[in-house]
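1. Need coordinates for the below:
(one chain, ligands or ions: 1)
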Amino acid sequence: MAYLQDDAHVLGAVRDAAFDGVICHMALMDIPDLAATIRSVGRVLRPGGWFVFAILHPCYHPPPSGEITAADGSIHRTVSGYFTEGFWRSDTRPGPPGKVGAYHRTLSTYVNALTDAGLILERLAEPPATPSLAARRPVWREVPAVLIARCGKGP
Ligand SMILES: C[S@@+](CC[C@H](N)C(=O)[O-])C[C@H]1O[C@@H](n2cnc3c(N)ncnc32)[C@H](O)[C@@H]1O
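-> Below you'll find the predicted structure:
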């Protein structure tokens, strides 16, 4: 096992077609240039290789998103500003959006960046909250907090 620290935009220390697979866990929405990053992933994958990533679900995390509890006690995720892409930061948010900021992008921006880099979207998963997350944040029983994708690089 070897660990290498590098800029995901370039992956300059990694040769072309070096890997069978690439995993990016909860980071694409924190990296400034999505297109450059996905191109790097495509470059370091061998033909037929795979790319799996997990991100905050872009449909439920635009900057103005939140949640409300209705009179009957039901919990609803609220979203707005979906079409406004780019950097945002909020003092009221946990994690990177509250500390260093994050980058909101639409779902189509993610899919088109993959296609532009020659990566084919094969599977999506939108898992419901685990029991421990659901106990802390019941709204994530109603809509998916996370989007997971598997893509393939053509031959
Ligand atoms: C939410 S953290 C996720 C870290 C880890 N993958 C995990 O699941 O715990 C997002 C990470 O993206 C990293 N990041 C942001 N821009 C980057 C870049 N250009 N190249 C490599 N990593 C970057 C940050 O340093 C941060 O560690």
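2. Is the ligand within reach of the biggest strand by length in the chain?
-> Longest strand in the chain, counting residues (DSSP state E): strand 45-56. No. Strand 45-56 is not in contact with the ligand by C-beta under 6 Å from any ligand atom; minimum separation 7.9 Å. (C-beta placed from N, C-alpha, C; glycine too.)
3. Quick check: buried residues in the helix or strand that comes right after that strand?
-> Next helix or strand after strand 45-56 toward the C-terminus (DSSP states H and E): strand 66-69. Neighbour counts over strand 66-69 (16 or more other C-beta atoms under 10 Å) mark Glu67 as buried.
4. Kindly report the same for stretch 145-155.
-> Ala145, Val146, Leu147, Ile148, Ala149, Cys151, Gly152, Lys153.
5. if we take those residues, which one ends up nearest to the ligand?
-> Val146 (11.0 Å; C-beta to the nearest ligand atom).
6. Quick check: beta-bridge partners of the closest one?
-> Leu56 (DSSP bridges).
7. quick one, what contacts it?
-> Met26, Ala54, Ile55, Leu56, His57, Glu126, Pro127 (C-beta atoms under 8 Å, 6 or more residues apart in numbering).
8. mind checking the end-to-end distance for stretch 131-149?
-> Length of stretch 131-149, first residue to last, C-alpha to C-alpha, to the nearest Å: 22 Å.
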